[in-house]
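Peer 1: Sequence below, structure please.
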Amino acid sequence: MPESFWEQGVAVEAGPEAAPKEPHAELGSLAVSADDFSALEERVMRAVEIVKRERGERARAEALARQAEERIAAAESRITEIEERVRMAVERAGRNEEFVKQAEERIKNAEERAILAEAQLHEQIPLLEQMQTELKAHKSERDQVRQRVERLLKQLDGLEI
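Peer 2: The predicted structure follows:
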């Protein structure tokens, strides 16, 4: 198993306290340390990029969440408005139903009165016909009386001469 950078760093730091026996061995240790440092640097750079991407994605996600919350609030507002309109429509419909019922009752009453009036009219027709007959008779009698009065006046005029 390869040693990690930190384990090798500990070994390097411990190295100066214990004097290395071979100068060439120290160089190999430093070369491995430089490779490990480059690998660590790459890992750190990748981690920084990942953190940057994550922060950017988090910011976008938070912005999307805010937009979604705003849309939800707007939708809730529209729902409340629609509910109020529905409530008002139901109230109007209730009033309209009451108005329609009243109108139907009035129509029914008017129809009943019309039926009664028609029945009374049918009862009055013979009386009307009788009155018309009597009126004609009275007119005829009046004409006869007028003719008689005119004859009498002519006779009275004839006496005065």
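Peer 1: Poorly predicted segments of this protein, please.
Peer 2: Within the chain, the stretches with pLDDT under 70 are 1-32, 161.
Peer 1: what ranges do the helices span in it?
Peer 2: Ranges of helices in the chain, per DSSP state H, are 5-17, 23-160.
Peer 1: Let me know which of those helices is tucked in deepest.
Peer 2: Greatest average neighbour count among the helices of the chain goes to helix 5-17 (a mean of 12), per mean count of other C-beta atoms under 10 Å. From N, CA and C alone the C-beta is placed, and that goes for glycine too.
Peer 1: Find the residue at the geometric middle of this structure.
Peer 2: In the chain, the centroid-proximal residue (C-alpha atoms, centre = their mean) is residue 82; its distance is 2.9 Å.
Peer 1: Look up how far residue 146 lies from that one.
Peer 2: Distance, residue 82 to residue 146, by C-beta to C-beta, to the nearest Å: 85 Å.
Peer 1: for residue 159, same thing?
Peer 2: Distance from residue 159 to residue 146, by C-beta to C-beta: 20 Å.
Peer 1: now do residue 56
Peer 2: 122 Å.
Peer 1: what's the answer for residue 59, then?
Peer 2: Using C-beta to C-beta, residue 59 is found at 118 Å from residue 146.
Peer 1: swap in residue 46?
Peer 2: Residue 46 is 136 Å from residue 146, by C-beta to C-beta.
Peer 1: and what of residue 60?
Peer 2: Counting by C-beta to C-beta, the gap from residue 60 to residue 146 is 115 Å.
Peer 1: next one: residue 69
Peer 2: Where residue 146 is concerned, residue 69 sits at a distance of 105 Å (C-beta to C-beta).
Peer 1: likewise residue 110?
Peer 2: Distance from residue 110 to residue 146, by C-beta to C-beta: 48 Å.
Peer 1: do the same with residue 130
Peer 2: 24 Å.
Peer 1: One more: residue 137?
Peer 2: Per C-beta to C-beta, residue 137 is found 15 Å from residue 146.
Peer 1: before we move on, what about residue 34?
Peer 2: 154 Å.
Peer 1: Could you do residue 154 as well?
Peer 2: 13 Å.
Peer 1: ditto for residue 36
Peer 2: Relative to residue 146, residue 36 is positioned 151 Å away (C-beta to C-beta).
Peer 1: Over to residue 97?
Peer 2: For residue 97, the distance to residue 146 equals 68 Å [C-beta to C-beta].
Peer 1: Also residue 153?
Peer 2: Taken as C-beta to C-beta, the span from residue 153 to residue 146 is 10 Å.
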